[in-house]
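*Asks:* When you get a sec, could you give me coordinates for this:
(one chain, ligands or ions: 1)
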Amino acid sequence: MKKINLAIVGVTGMVGRTFLEVLEERDLPIDNLYFFASARSAGKKITFKGKEYTVEELTKNSFDRGIDIALFSAGGSTSLKYAPIAASKGCIVVDNSSAWRMDPEVPLVVPEVNPEDIKLNKGIIANPNCSTIQAVVALKPLDEYYNIKRIIYSTYQAVSGAGMDGWHDLEEGLKGNPPKKFPHPIANNCIPHIDVFTENGYTKEEIKMIEETKKILHNNNLKITATTVRVPVFNGHSESINVEFEKSFDLEELKEVLKKAPGIVVEDDPQSNVYPLACNATGRNEVFVGRIRRDESVENGVNLWVVADNIRKGAATNTIQIAELLIKEMQ
Ligand code: A2P
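*Replies:* Predicted coordinates for the structure are as follows:
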């Protein structure tokens, strides 16, 4: 099996560290590993599988050494600048930022949903927004069976989604200290504001969920609305998803469809207090679905409660699954 040279850009961040955890758990055929972050972290030591590595400052020359795949999670501006440089050197970038997701030349991929899109890449593949990933894993099998017409997303998003700074705001907020990352205290609060506001009153996070869902499901006619909310949970995003279908469905059959779909664990026994919870999803790579019930206010509607580890399936795991598919293609 061909071994590959792999780089991680943003290795010191929340997602970067989780790349290392997930890589350690999965057996990727890696020859050489390179770790990059900002100048602040240059020289830091990281031990991976018993071997010590030095973090290097990311520069325009970082990819001049036969790197096959680079996993980027260092923010949008870093990706905008460095992903094209890496791609021009023959490296395939799997980018976790929002910088390239809606570029028509860049595939936006969730391996359980649209793995075939990987083949269309021209050097950059985008990893969707964390909230979008867990939603589409649950929605794709239902779309295949019943044709989705409309989606209403309401999210309850953990602070880890805002990186180390978001995590510290909750930690410090619980001690009574003021926030630095969020515009309001996050401890004992829910903030209906993730990313910046746009002209129509939606936040960018909401627009990401709407547009990315259409791109991944290859359906621009979907009607979607979203309200995204930051909640005082350290890790694990929860989502209430209301879906309306073109076709009628049998609820028990729909549950079976979800149970058989890739990457999903159905946890749905409300009589025994069993439903997906952020604290149980943390550290797991699957998407958990429960509270599956008919929306009796419309003809063909269903309500779902969908939970996942936003740093794993919402970011690191999904990125590494894409890398695994790329490696398979390279053999
Ligand atoms: P550093 O730790 O050196 O600042 P998070 O969002 O969890 O805080 O992580 C952001 C990641 O992106 C970190 O690894 C951070 O490195 C990295 N990063 C931020 N700015 C740059 C940059 N200009 N070049 C390379 N890496 C960057």
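
*Asks:* Next up, the contacts around the residue in the stretch 1-150 of the chain that the ligand sits nearest to.
*Replies:* Going by Cβ to the nearest ligand atom, the ligand is nearest to G13 of the stretch 1-150 of the chain, at 2.1 Å. Quick note: C-beta positions are derived from backbone N, CA and C, even for glycine. The neighbours of G13, taking Cβ atoms under 8 Å, 6 or more residues apart in numbering as the test, are A37, S73, A74, G163, M164.

*Asks:* Put together TSV for those, with distance to the ligand on each row.
*Replies:* What follows is the contacts of G13, written out as TSV (distance: Cβ to the nearest ligand atom, whole Å):
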residue	distance to the ligand
A37	4
S73	6
A74	3
G163	3
M164	4
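
*Asks:* Next step: those residues restricted to strands.
*Replies:* A37 (DSSP state E).

*Asks:* out of the contacts of G13, which is most surrounded?
*Replies:* S73 (27 neighbours; other Cβ atoms under 10 Å).

*Asks:* Go ahead and confirm that one touches N96.
*Replies:* Yes: look at S73 against N96 with Cβ atoms under 8 Å: they come within range, at 4.0 Å.

*Asks:* between these two, what contacts are shared?
*Replies:* What both S73 and N96 touch, as defined by Cβ under 8 Å, 6+ apart, is the set G10, V15, A315, A316, T319.

*Asks:* From the residues you listed, pick the one nearest I125.
*Replies:* Nearest to I125 among the shared contacts of S73 and N96 is T319, at 8.9 Å by Cβ to Cβ.

*Asks:* element containing A226, please.
*Replies:* Per DSSP states H and E: A226 is located in strand 223-230.

*Asks:* Revised request: answer the last question for S131.
*Replies:* Per DSSP H and E: helix 130-146 holds S131.

*Asks:* In the stretch 201-331 of the chain, which residue sits nearest the ligand?
*Replies:* Of all residues in the stretch 201-331 of the chain, the one sitting closest to the ligand is I311 (9.1 Å; Cβ to the nearest ligand atom).

*Asks:* Let's have the contacts of G13 in CSV, adding pLDDT and distance to E324.
*Replies:* Formatted as CSV, the contacts of G13 follow (pLDDT from 0 to 100; distance: Cβ to Cβ, whole Å):
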residue, pLDDT, distance to E324
A37, 98, 24
S73, 98, 17
A74, 97, 21
G163, 94, 25
M164, 94, 27
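
*Asks:* Just name the closest of the contacts of G13 to G50, please.
*Replies:* Closest to G50, out of all of those and judged by Cβ to Cβ, is A37, at 21.3 Å.

*Asks:* nearest spatial neighbour of that closest one, skipping sequence neighbours?
*Replies:* For A37, ignoring the flanking residues on the chain, the nearest one in space by Cβ to Cβ, 6 or more residues apart in numbering is T12 at 4.5 Å.

*Asks:* Helix, strand or coil: sort out the one you found for me.
*Replies:* coil (DSSP: H, G, I helix; E, B strand; the rest coil).

*Asks:* How about the residues of the stretch 51-200 of the chain by the ligand?
*Replies:* Applying Cβ under 6 Å from any ligand atom, we find that the stretch 51-200 of the chain lies next to the ligand at L58, A74, G75, T78, G163, M164.

*Asks:* Let's see that with 5 Å instead.
*Replies:* L58, A74, T78, G163, M164 (Cβ under 5 Å from any ligand atom).

*Asks:* contacting residues for the fourth one?
*Replies:* When contacts are counted by Cβ under 8 Å, 6+ apart, G163 touches G13, M14, V15, K181.

*Asks:* would TSV of those with pLDDT be doable?
*Replies:* Putting the contacts of G163 into TSV (pLDDT from 0 to 100) gives the following:
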residue	pLDDT
G13	96
M14	94
V15	96
K181	98
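
*Asks:* Could you work out the most separated pair of those residues?
*Replies:* Maximum pairwise distance in the contacts of G163, criterion Cβ to Cβ, is 15.7 Å, between V15 and K181.

*Asks:* what about the two, which has more around it?
*Replies:* Neighbours around V15 and K181, counted as other Cβ under 10 Å, are more numerous at V15. The numbers are 28 against 17.
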